[in-house]
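*Asks:* Next comes the sequence, and after it the predicted model I'd like to discuss.
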Amino acid sequence: DAGVIQSPRHEVTEMGQEVTLRCKPISGHNSLFWYRQTMMRGLELLIYFNNNVPIDDSGMPEDRFSAKMPNASFSTLKIQPSEPRDSAVYFCASSRWESSYNEQFFGPGTRLTVL
Amino acid sequence: AQTVTQSQPEMSVQEAETVTLSCTYDTSESDYYLFWYKQPPSRQMILVIRQEAYKQQNATENRFSVNFQKAAKSFSLKISDSQLGDAAMYFCAYSLSGNTPLVFGKGTRLSVIA
């Protein structure tokens, strides 16, 4: 398996532009998580899905952020409009909750820079 | 809400020596999972070791072992025979199950001195 795939790996954009981050979870996994990593706040959950259904989006900073999971193999995180304070590394992770191993597998992350 | 605290922002260890990274957490649950993740400069999150709270035996993975003290809500990571490749950020994390989010500590940056 290729692992969790995220694209793009790096994104540089200007304030006010729309940004879309993409994630393909591991095949067969039924939970998907979006985390954000910053120096100030560390690693924090933005939103997660079980069986493609959003369960908790309380970590989404504000209405500028939205996430979708239209099917089991694809999720997007959209920021519109983007602001410099959104600059961070965004991780997608997936897991199979029936697994006794209970591990979340992380993608390589997307480093977002908003100028 | 569950919280995870790593009190050591930075640690250093001589190559081949042993180092222990500290982690404490707060939860009212009796069943949960604890993890240590390694993040090298490549920023990839790599699972180092995991511990189920219902297991009294401390988990071990080669040179990595944990000291899990459930009553004290403590979960430290011991790295034996440290290698240059162990240099990284280490995050302690908590979750209730495989379909619930991880709660992370702020991390400990480990340097390995040759």
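*Replies:* Nice, thanks for sending it over. Residues are numbered from 1 along each chain as shown, chains lettered A, B, ... in the order given.

*Asks:* A:K68 versus the most centrally placed residue in chain A, what's the distance?
*Replies:* Geometric centre of chain A, nearest residue: A:W34, 3.2 Å, by C-alpha atoms, centre = their mean. Distance from A:W34 to A:K68, counting by C-beta to C-beta, to the nearest Å: 11 Å. All C-beta spots, glycine's among them, are computed from the backbone N, C-alpha and C.

*Asks:* picking up where we left off before, for the residue nearest to the centre of chain A, what are its contacts?
*Replies:* A:W34 makes contact with A:23, A:45-48, A:67, A:75, A:77, A:90-92, according to C-beta atoms under 8 Å, 6 or more residues apart in numbering or on different chains.

*Asks:* Apply 7 Å and report the result again.
*Replies:* A:46-47, A:67, A:77, A:90, A:92 (C-beta atoms under 7 Å, 6 or more residues apart in numbering or on different chains).

*Asks:* Pull out the buried members of these.
*Replies:* Among these, those scoring as buried are A:46-47, A:67, A:77, A:90, A:92 (criterion: 16 or more other C-beta atoms under 10 Å in any protein chain shown).

*Asks:* With respect to B:Q51, which of the residues you listed is nearest?
*Replies:* Minimum distance to B:Q51 across those is 24.6 Å, recorded for A:C92 (C-beta to C-beta).

*Asks:* is it true that the closest one touches A:C23?
*Replies:* Yes - A:C92 is within contact range of A:C23, at 3.4 Å (criterion: C-beta atoms under 7 Å).

*Asks:* Return every residue with contacts to both of the two.
*Replies:* A:4, A:6, A:32, A:75, A:107.

*Asks:* out of the residues you listed, which is most surrounded?
*Replies:* With neighbours defined as other C-beta atoms under 10 Å in any protein chain shown, the most crowded of these is A:L32; it has 29 neighbours.

*Asks:* and the helix or strand encompassing it, which residues are buried?
*Replies:* Taking DSSP states H and E as the criterion, A:L32 maps to strand A:31-38. Of the residues in strand A:31-38, A:31-37 count as buried by neighbour count, 16+ other C-beta under 10 Å.

*Asks:* now swap in stretch B:27-43 and tell me
*Replies:* B:27, B:32-39.

*Asks:* check contacts around the nearest residue to A:P84 once chain neighbours are set aside.
*Replies:* Spatial nearest neighbour of A:P84, excluding adjacent residues (C-beta to C-beta, 6 or more residues apart in numbering or on different chains): A:V114 at 4.9 Å. For A:V114, the contacting residues are A:13, A:15, A:82-84, A:86-87, by C-beta under 7 Å, 6+ apart.

*Asks:* Most neighbours among those residues, which one is it?
*Replies:* For these, neighbours tallied by other C-beta under 10 Å; top is A:S82, 23 neighbours.

*Asks:* how far away is it from B:V66?
*Replies:* From A:S82 to B:V66 the distance is 40 Å (C-beta to C-beta).

*Asks:* picking up where we left off before, what lies in contact with the helix or strand following the strand holding A:L32?
*Replies:* Sequence order places strand A:42-50 as the next helix or strand after strand A:31-38, per DSSP H and E. Strand A:42-50 is contacted from outside by A:30-37, A:54-57, A:59-60, A:65, A:67, A:69, A:75, B:91, B:99, B:101, B:104, B:106-107, using C-beta under 7 Å, 6+ apart.

*Asks:* Could you report the neighbour count for the closest residue to A:V53 other than its chain neighbours?
*Replies:* Nearest residue to A:V53, sequence neighbours excluded (C-beta to C-beta, 6+ apart): A:M69, at 7.9 Å. Residues lying near A:M69 (other C-beta under 10 Å) number 21.

*Asks:* Right, I'll call it a day here.
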